[in-house]
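**Student:** coords please:
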Amino acid sequence: MATTAQSAPGLSRPNAWFLSFLREELAPYPGRAGTVARMVLAATLVMIVCMTFRLSYMFLGATFALLISRESPRATLQSGGTLLLVMTIGAAYLLISTSFVIDVPTLHFLWVVCSFGLAFFVISTMANYGAAAVFGIMMAFGIPL
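**Tutor:** Numbering: from 1, shown residues only. Below is the predicted model:
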């Protein structure tokens, strides 16, 4: 009736999976240094401009610079166009729908709830997570304004 304790394979060190994950994610590949340099330069320049002119919500500029940056300049331009389109749709939704609900408090409350529900739905269903996140950011910062 004696049983021997069996150890699960691969659980010798609790952080082993995390170290292997980091090794895989940070492995060098052709063009990685250029992409990282372009992302750092874009975020830094955006923050310098925002800090110089003391713009409101300036952290969003650096976030968008990181969301737009891709492996090639063509993909970066395409990503920027997609995010611009999503921001335009979000701004149009906010501006048009606000004019209908601004005077009635109960309707305004329902609009806020439905708008956040729409943002969560878009984030969960869109294939392009960067564009979905931008739509959610538009809702999160546009509704209180």
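
**Student:** okay, and for the chain, where does confidence drop off?
**Tutor:** 1-12 (pLDDT under 70).

**Student:** what's the domain layout of it?
**Tutor:** 30-69, 75-145 (automatic domain parsing).

**Student:** Reformat those as CSV; add distance to Glu24.
**Tutor:** Any C-beta I mention is one placed from the backbone N, CA and C, and that applies to glycine too. Shown next, in CSV, are the domains of the chain (distance: least, CB to CB, whole Å):
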stretch, distance to Glu24
domain 30-69, 13
domain 75-145, 20
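
**Student:** could you dump these to CSV with distance to Phe21 and mean neighbour count?
**Tutor:** What follows is the domains of the chain, written out as CSV (distance: least, CB to CB, whole Å; neighbours: other CB atoms under 10 Å):
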stretch, distance to Phe21, mean neighbour count
domain 30-69, 17, 14
domain 75-145, 19, 14
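
**Student:** quick one: Met143 and Gly61, what's the gap?
**Tutor:** Not quite, residue 143 is Ile, not Met. 20 Å (CB to CB, to the nearest Å).

**Student:** And the helices in the chain?
**Tutor:** With DSSP state H as the criterion, the chain has helices at 16-25, 32-53, 59-68, 73-101, 105-125, 129-142.

**Student:** Can you name every helix or strand that the last one contacts?
**Tutor:** This means helix 129-142. helix 59-68, helix 73-101, helix 105-125 (3 or more CB pairs under 8 Å, 6 or more residues apart in numbering; DSSP states H and E).
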